[in-house]
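S.K.: Sequence plus predicted model, see below.
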Amino acid sequence: MTKTMSIRGVIGGLLLTAASGASAQTLVPQPESGPFFSVALGGQPQTRSFGSTGTFSSFNEQGRFEVTQNVGAGFLFDIGGGFQFWKHLGAGVNVWSTHSKSAISAAASIPDPVFFGRFTTVKAEPDSDKSQTTLGINLSVIYTQPVGQRLDISVSLGPTIIRNRLDVGSVAVKPNSQTVTVSTESQSKTTAKAGNLGFDVTYRVNEMYNVGLFARYAGGEVDMPGVKALKVGGVQAGGLFRYRF
């Protein structure tokens, strides 16, 4: 009787161990492999301000001007793809674009036409209808870890190439007058001195479709013709759709 119960106990323990192992495998599946395609929508929430100063000649004296430019938060569109090639590791490339509104204000200290050394500060009419458009290409190594049966967490890291187009403001002072106007010039520049670090959480709707949320930093600096060391890109976040082939 004792031997029979002992044998039954051993068999029961083995079955319980096997069931626990099978349950663990079910709860934490292996990451999906192969190629994938993604589309994301979101925003770039931070704002930026920068300015410039300069001089001009008027009424046989030298005046000064100051320009301040503000760039607002932007809308983000992202499209990309990649390949999950080994266990948790993959590689991908995505192209993203942001569009932001920009406002320009300016003022000038203009010499008096009669009294030498006397200046009058004149503000120009602000121009709030300008824009900044940024196009980026992220090259990334991706690490993916399943959490539970349907959730995946991914971390990505790599270099970024950014092309920035900005309506850069300046001041035009009509000679020997107190007329100040804001002028703008559309300037573009590309930089490879940028990088990206991202994080996303996705839910497996089925074997092919994932939906989720992402957050990342993708940015750097660019020297525009009229603005040196301009910060471009930045923190980005939004919703994500991923299709696995």
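M.R.: Everything's here; your move. Numbering: from 1, shown residues only.
S.K.: residue boundaries of the strands in this protein?
M.R.: Shown for the chain, the strands assigned by DSSP state E span residues 34-44, 48-58, 61-86, 89-111, 119-123, 127-147, 151-173, 180-204, 209-222, 230-244.
S.K.: Next, format these as JSON lines and append mean pLDDT and mean neighbour count.
M.R.: The way it works is simple: take the backbone N, C-alpha and C, and place the C-beta from them, glycine included. Listed next are those as JSON lines, based on pLDDT from 0 to 100; neighbours: other Cβ atoms under 10 Å:
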{"stretch": "strand 34-44", "mean pLDDT": "95", "mean neighbour count": "17"}
{"stretch": "strand 48-58", "mean pLDDT": "88", "mean neighbour count": "14"}
{"stretch": "strand 61-86", "mean pLDDT": "93", "mean neighbour count": "17"}
{"stretch": "strand 89-111", "mean pLDDT": "94", "mean neighbour count": "19"}
{"stretch": "strand 119-123", "mean pLDDT": "89", "mean neighbour count": "13"}
{"stretch": "strand 127-147", "mean pLDDT": "94", "mean neighbour count": "17"}
{"stretch": "strand 151-173", "mean pLDDT": "93", "mean neighbour count": "19"}
{"stretch": "strand 180-204", "mean pLDDT": "92", "mean neighbour count": "16"}
{"stretch": "strand 209-222", "mean pLDDT": "95", "mean neighbour count": "19"}
{"stretch": "strand 230-244", "mean pLDDT": "95", "mean neighbour count": "19"}
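S.K.: Show me how far stretch 36-52 is from its chain's centre.
M.R.: The chain centroid and the centroid of stretch 36-52 are separated by 4 Å under Cα atoms, centre = their mean, to the nearest Å.
S.K.: Do me a favour and get the end-to-end distance for it?
M.R.: End-to-end distance for stretch 36-52, by Cα to Cα, to the nearest Å: 45 Å.
S.K.: ditto for stretch 37-54
M.R.: End-to-end for stretch 37-54, by Cα to Cα: 49 Å.
S.K.: Quick one: distance of it to the chain centre.
M.R.: When distances are taken as Cα atoms, centre = their mean, stretch 37-54 is centred 7 Å away from the chain's centroid.
S.K.: now stretch 55-70
M.R.: Centroid displacement of stretch 55-70 relative to its chain, using Cα atoms, centre = their mean, is 35 Å.
S.K.: Name the residues that touch it?
M.R.: 47-54, 102-113, 116-117, 119, 168-171, 173, 175-177, 180, 182 (Cβ atoms under 8 Å, 6 or more residues apart in numbering).
S.K.: try 7 Å
M.R.: The contact list for stretch 55-70 (Cβ atoms under 7 Å, 6 or more residues apart in numbering) reads 47, 49-54, 102-111, 113, 116, 119, 169-171, 173, 175-176.
S.K.: likewise stretch 89-99?
M.R.: Defining contact as Cβ under 7 Å, 6+ apart, one finds that stretch 89-99 is touched by 38, 44, 74-84, 131, 133-144, 218.
S.K.: Mind doing that once more with 6 Å?
M.R.: 44, 74-80, 82-84, 133-142 (Cβ atoms under 6 Å, 6 or more residues apart in numbering).
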